[in-house]
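Trainee: quick one, fold the following:
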Amino acid sequence: MNNVLITGASSGIGLELARLFARDGNNLVLVARREELLNKIAGELNSDFGVEVEVIAKDLTLGKSSDEIFMRLKDREIDIVVNNAGFGAVGPFSELDYKRQVDMIKLNITALTSLTRLFIPRMVERNSGGILNVGSLAGFQPGPYATIYYATKAFVLSFTEGLKEELKNTNIKITCLAPGPTNTEFGEVSGLDKSFLFKFGTMGAKEVALQGYNGFLNGETVVIPGFSNKLLPLLVRLSPRFLVRSITAKLNRSEKSG
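Mentor: Numbering: from 1, shown residues only. Below is the predicted model:
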């Protein structure tokens with residue numbers, strides 16, 4: 001039985017991952033901003049699977065949140081960290097709200113990096129455990145009209161692969177789950193649900209989480225759910241960069257924006 005810390009656990013992929021870890025008998029620490037919703041989810045997981053579930057309501061865009069989480073859990077072994085929390089925003093970089101874009105960097109990059117760095121030394125000492133970072137297919141190419149989001153997910157992908165190589169001679173699992181468009185709150189919050197990209201279809205959060213979970217348990221470095229999604233990184237590598245930028249810009253724009 002492991003103790004698993006999951007950020008962004010109140011909905012979407014994070015919630016489905018929580019259910020999978022709980023199903024297999026792992027105790028959970030769930031982190032998100034919505035405390036009332038987290039408490040409801042914790043009660044359901046405890047009732048359904050008989051596991052212990054601790055709730056930590058935190059806004060991870062705030063500077064000391066990661067440290068506060070670590071200090072709260074300092075007497076408890078955290079075996080697995082799932083860095084799922086993140087958000088996006090669509091629109092021209094010069095027009096999108098400044099604070100929102102900076103907060104995106106703080107959540108998608110800084111919090112993920114901080115929590116990984118805080119908890120991984122004990123994993124190295126024990127030579128066991130794992131980090132599951134939820135990235136995105138967006139991490140494989142630049143993303144005009146969602147420029148900061150794509151750039152943050154490129155960091156997640158590169159960071160995960162680098163960490164995996166550093167720890168390749170250990171028993172620690174390091175995985176990046178890189179889904180394509182997924183039917184979660186993310187699309188609505190970011191505005192990408194109205195883009196041409198999402199009109200090509202989305203996967204369900206449950207299936208994305210299951211493939212990511214199984215890939216993590218099997219020691220895969222990068223998990224891309226969906227056959228057509230798996231082709232994108234190859235196409236990106238084979239295509240001229242100007243063409244990749246142009247196509248992605250069109251996909252990220254909505255019919256309304258033209």
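Trainee: drop to CA atoms for contacts and neighbour counts, all remaining ones
Mentor: Will do.
Trainee: what strand or helix carries Gly219?
Mentor: Under the criterion DSSP states H and E, no helix or strand holds Gly219.
Trainee: that one touches Ile174, doesn't it?
Mentor: Yes: in this structure, Gly219 sits in contact with Ile174. The criterion is C-alpha atoms under 8 Å, and the distance is 7.1 Å.
Trainee: which residues in the stretch 101-250 of the chain form strands?
Mentor: Counting by DSSP state E, counting those that start in this stretch, the segments of the stretch 101-250 of the chain that form strands are 130-134, 173-177, 182-183, 203-204, 222-223.
Trainee: ok, the third one: who's next to it in the sheet?
Mentor: Within its sheet, strand 182-183 is paired with strand 203-204 (parallel), according to DSSP bridges.
Trainee: now Ser10: closest residue in space that isn't a chain neighbour?
Mentor: By the measure of C-alpha to C-alpha, 6 or more residues apart in numbering, the closest residue to Ser10 outside its immediate chain neighbours is Leu38, 5.7 Å from it.
Trainee: just checking, that neighbour touches Val29?
Mentor: No: the pair formed by Leu38 and Val29 falls short of the contact definition of C-alpha under 8 Å, at 10.2 Å.
Trainee: what's the overlap in contacts for these two?
Mentor: Among the neighbours of Leu38, those also in contact with Val29 (C-alpha atoms under 8 Å, 6 or more residues apart in numbering) are Val55.
Trainee: so who does the residue nearest to Ser10 touch?
Mentor: For Leu38, the residues meeting the contact criterion (C-alpha under 8 Å, 6+ apart) are Ala9, Ser10, Leu30, Val31, Ala32, Val55, Ala57.
Trainee: and the pLDDT for Glu185?
Mentor: What the model reports for Glu185 is a pLDDT of 58.
Trainee: what do you get for Asn27?
Mentor: Here the pLDDT value assigned to Asn27 is 97.
Trainee: again, but for Asn229
Mentor: In this model, Asn229 is scored at 85, pLDDT.
Trainee: next one: Thr248
Mentor: As summarised for this prediction, Thr248 has a pLDDT of 81.
Trainee: what's the closest non-adjacent residue to it?
Mentor: Counting by C-alpha to C-alpha, 6+ apart, the nearest residue to Thr248 once its immediate chain neighbours are dropped is Gly143, at 5.8 Å.
Trainee: shouldn't that neighbour be in contact with Ile247?
Mentor: No: under the contact definition of C-alpha under 8 Å, Gly143 does not touch Ile247, with a separation of 9.3 Å.
Trainee: neighbour count: those two, which is higher?
Mentor: Looking at Gly143 and Ile247 with other C-alpha atoms under 10 Å, you find the greater number of neighbours at Gly143, namely 23 against 13.
Trainee: how about that one, what does it touch?
Mentor: Residues in contact with Gly143, defined by C-alpha under 8 Å, 6+ apart, are Tyr149, Tyr150, Ala151, Arg245, Thr248, Ala249, Asn252.
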